[in-house]
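**Q** Kindly generate the corresponding structure for this input.
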Amino acid sequence: MLNRLAACLATALALSGCTMLGPEFVAPDATTPGGFALPAQANGRSTPVAEKIDPKWWRLFNDPVLTSLETRLTEGNFDLRTAALRLVQARAQLGFVMASGLPTVNANGSASEAMTSARGPFMLPSRSSSQPPGPQQFHATPDSKLFQQHEVYQSGFDAGWEIDLWGRVARVVESSTAQLEATEEARREIEVTASAELARDYILLRGTQRKAAITRENLEIARRSLGLTRDRAAGGVTTDLDVANAAAIVESIAAQLPALEQRQAELANAIALLLGAQPRALEVELAAPRALPPPPPRVPVGLPSDLARRRPDIRRAEATLHAATANIGVAAADFYPRVMLTGSAGMQSLNLHQLLDSRAFFFTVGPSISMPIFDGGRVQRTVELREAQQQEAALLWQRSVLGALHEVDNALTAYDAEQRRRDRLLAADHENRRALALAAARYQQGVTDFLQVLVAQRNLLATDQDLSDSLTAISANMVQLYKALGGGWE
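**A** You can find the predicted model right below:
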């Protein structure tokens, strides 16, 4: 018995894993340009450079509050915590699949009561018979009383093992491993998105606070102008029309503050939600205005050739392609026989007190084989389906790489264009301030009417707000650039 069992095991080990059906996965090679289209350096502008990216890119803003918020993101963000649980599930799934390639051993025990048919092939002697059954007892007549109700007691072990002749189980494990990698990259993709969203909301918050401060400064200028106009009207130098116009611009500027305060509260709550905190939980920490985080003079952007290794969505698409490739081998293995090595051993008796008797021992061992003969083309269609899915995954990977290159190029263009717009707005702001000062002086001298002062005030307010929006957009565009670069993850 032992020799035959050893021979079966040796044969199984020799045959297992002899063949791996399906194509072998080869990591695709992304065709990328030699370098990004970087803008020319200019005085006073932040310039992207082909240097190594810091994974914690937000530290380039040199803002301790932003750095503190980013540090707390991983622990509190619900999306990241959910993604971490999905990763745990994927690891458990992989362990389940890997276990399918190992032998299974189950303990069992049973006690049953049955009645044997006198006409059936399995006939047992009556318990009342004191003599061992003779040959005549196994050819009883239908009226025989030798066969009656009886109990059967059994305990032992069952074992089974699928011999992976064609690599089906190995391909399933390979596919599940790739799916685990895809899940891990999906979590990193969420991390990149959440970090960028947090930095963007923080910059918009500081930009809103700056815009509110500018509005208050312009409001103070308008109030001084209103006071001057009232004094002139009281002296009979001007009319109430100028007073009404001056009062109107004061009220129109003041009317902008509630919307800015609302926007500030919404952005603070958005940051709190990203951190998994209650509404207004960060009110004290974020309410005090701080300077808008400016971009550094040099912004490292790395090389296009590193983009496929940095961006988690590209890495996720590659892992999905790997899983789809392995699934072809899983489907192709269904064309071939499946061999199972099974066995059982234990004790069996009609009497409970004889269950441990040495003569109650039994065992069975041997292989079983199943082979598809006719399935209506199901296996062939499954292989074709898996091949089409692999081709689709390959196209999605190519789309991810090309889309990433476009995103980086657009982000670089936006970053440079907004800085050029800021330079123009700075010049316009300077001229508008000079124009307001000249108009106010000429108005005090009685050379011109109040309309010129009114126009100069409106122009200055509009330019100041546009300049604030532009400075905010530059920092926000830098965040978008690092998001397009994959967050700097290496």
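**Q** so what's the residue nearest to Trp161 when sequence neighbours are not counted up against?
**A** Nearest residue to Trp161 in three dimensions, chain neighbours excluded: Pro103, at 4.0 Å (C-beta to C-beta, 6 or more residues apart in numbering). Heads up, the C-betas are built off the backbone N, CA and C, glycines and all. Taking C-beta atoms under 8 Å, 6 or more residues apart in numbering, we find Pro103 in contact with Ala159, Gly160, Trp161.
**Q** Quick check: phi and psi at Pro103.
**A** Main-chain torsions, Pro103, degrees, to the nearest 10: phi -60, psi 150.
**Q** picking that back up, compare the contacts of Pro103 and tell me which has the most neighbours.
**A** Trp161 (19 neighbours; other C-beta atoms under 10 Å).
**Q** and that residue, bridged to which residues?
**A** Leu341 (DSSP bridges).
**Q** Quick check: it vs Val339, distance?
**A** As judged by C-beta to C-beta, to the nearest Å, Trp161 and Val339 stand 9 Å apart.
**Q** got it, and Tyr443?
**A** On the measure of C-beta to C-beta, Tyr443 and Val339 end up 100 Å apart.
**Q** Three-state assignment for Ala114, please.
**A** Following DSSP: H, G, I helix; E, B strand; the rest coil, the label given to Ala114 is strand.
**Q** The residue most central in space within the chain: what's its closest spatial neighbour, skipping adjacent residues?
**A** In the chain, the residue lying closest to the centroid (C-alpha atoms, centre = their mean) is Ala186, at 2.8 Å. Nearest-residue entry for Ala186: Arg316, 5.5 Å, with adjacent residues in sequence omitted and distances by C-beta to C-beta, 6+ apart.
**Q** So the one you found is in contact with Ala178, correct?
**A** No: the pair Arg316 / Ala178 is not scored as a contact, 10.3 Å apart, by C-beta atoms under 8 Å.
**Q** still on that earlier bit, wait, a helix at the residue nearest to the centre of the chain?
**A** Yes: using three-state DSSP, the assignment for Ala186 is a helix.
**Q** Quick one, grab the pLDDT at it.
**A** Listed pLDDT for Ala186 reads 94.
**Q** Same check on Gln419?
**A** 96.
**Q** now Leu273
**A** We have a pLDDT of 96 for Leu273.
**Q** Against Arg280, how distant is it?
**A** If you measure Leu273 against Arg280 using C-beta to C-beta, the figure is 11 Å.
**Q** So which of these two has more stuff around it?
**A** Taking other C-beta under 10 Å, Leu273 and Arg280 do not tie; Leu273 has more neighbours (16 against 13).
**Q** Show residues contacting stretch 168-179.
**A** Contacts for stretch 168-179 (C-beta under 8 Å, 6+ apart): 17, 20-22, 25, 90, 93-94, 97-98, 100-101, 162, 164, 319-320, 322-323, 326-327, 329-330, 333-334, 338.
**Q** Let me see the ranges of the helices in this protein.
**A** For the chain, applying DSSP state H gives helices covering 2-15, 64-76, 78-99, 168-234, 240-254, 256-274, 283-287, 307-310, 312-332, 378-444, 450-484.
**Q** Just send these back as JSON lines, with distance to Met371 too.
**A** Converted to JSON lines, the helices of the chain look like this (distance: least, C-beta to C-beta, whole Å):
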{"stretch": "helix 2-15", "distance to Met371": "15"}
{"stretch": "helix 64-76", "distance to Met371": "52"}
{"stretch": "helix 78-99", "distance to Met371": "24"}
{"stretch": "helix 168-234", "distance to Met371": "14"}
{"stretch": "helix 240-254", "distance to Met371": "85"}
{"stretch": "helix 256-274", "distance to Met371": "56"}
{"stretch": "helix 283-287", "distance to Met371": "69"}
{"stretch": "helix 307-310", "distance to Met371": "43"}
{"stretch": "helix 312-332", "distance to Met371": "15"}
{"stretch": "helix 378-444", "distance to Met371": "12"}
{"stretch": "helix 450-484", "distance to Met371": "53"}
